[in-house]
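Asker: Just a sequence and a predicted model for now, questions to come.
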Amino acid sequence: STDNGDGAFDVELEYGIVRSGVWYSAKANNGFQARAAAAMSEVVIDLVEACYIGHLAPARPCLFIHDELLIEVPAGTGHEFELEFLKLAERATARICKHVPLTWAGELCDRYSKSAKRVLDANGRLMVWSPEETAT
């Protein structure tokens, strides 16, 4: 229904934006990617507000790349922060992805690493990951 007759298509993105003149594969992917980007945008907006003027202060967002958030939290508060963040992220993404609940999980580390893993103690509380745990 969005074929322009010249092999190009229109794709409706989030927030009422329409991209015209894309090829078929891009049409199939753009809508999905746009929805994911919009969902993450909603999370980032709510996160910044909660960290600077809300209930997640004094935590501070530091970095957002594609689908990853790096947030600095006071020492010893990682588990409690994650519980509150999960509620925030669920509400924010539900505004965009109304019928598909998204799941979230974090790692707690004292330095950034793509190798970081989620570590829980015997009581299921989030613990600080250390690079020494994965050293061979």
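Answerer: Yes, it's here.
Asker: Could you verify that residue 10 is part of a strand?
Answerer: Yes - using DSSP: H, G, I helix; E, B strand; the rest coil, the assignment for residue 10 is a strand.
Asker: That one contacts residue 18, correct?
Answerer: Yes - when contacts are counted by Cβ atoms under 8 Å, residue 10 is listed as touching residue 18 (5.6 Å). Where you see a C-beta, it was placed from the backbone N, CA and C, and this is true even at glycine.
Asker: of these two, who's got more company?
Answerer: Neighbour tally, residue 10 and residue 18, criterion other Cβ atoms under 10 Å: the higher count belongs to residue 10, 15 against 9.
Asker: roughly how far apart are that one and residue 25?
Answerer: Plainly put, residue 10 is 14 Å away from residue 25 if you go by Cβ to Cβ, to the nearest Å.
Asker: try residue 17
Answerer: In this structure, residue 17 and residue 25 are 19 Å apart, going by Cβ to Cβ.
Asker: now swap in residue 79 and tell me
Answerer: When Cβ to Cβ is the yardstick, residue 79 and residue 25 sit 42 Å from each other.
Asker: Between the two, which is the more surrounded one?
Answerer: Just comparing residue 79 and residue 25: by other Cβ under 10 Å the higher neighbour count belongs to residue 79, 17 against 9.
Asker: Check this protein for its longest helix and report it.
Answerer: Taking DSSP state H as the assignment, the helix of the chain that covers the most residues is helix 24-53.
Asker: which helices and strands does it pack with?
Answerer: Identification of packing neighbours for helix 24-53 by 3 or more Cβ pairs under 8 Å, 6 or more residues apart in numbering; DSSP states H and E yields strand 9-12, strand 60-65, strand 68-72, helix 78-94.
Asker: mind checking which of those is nearest residue 32?
Answerer: Taking Cβ to Cβ as the criterion, strand 9-12 is the member of these that comes nearest to residue 32, at 9.9 Å.
Asker: Now the closest one - C-alpha only, CSV.
Answerer: Listed in CSV are the C-alpha atoms of strand 9-12, where the atom choice follows Å, rounded to 0.1, in the frame of the first residue of the first chain:
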residue,chain,number,x,y,z
PHE,A,9,8.2,2.9,-0.6
ASP,A,10,7.0,5.2,2.1
VAL,A,11,7.4,4.1,5.7
GLU,A,12,5.6,5.6,8.7
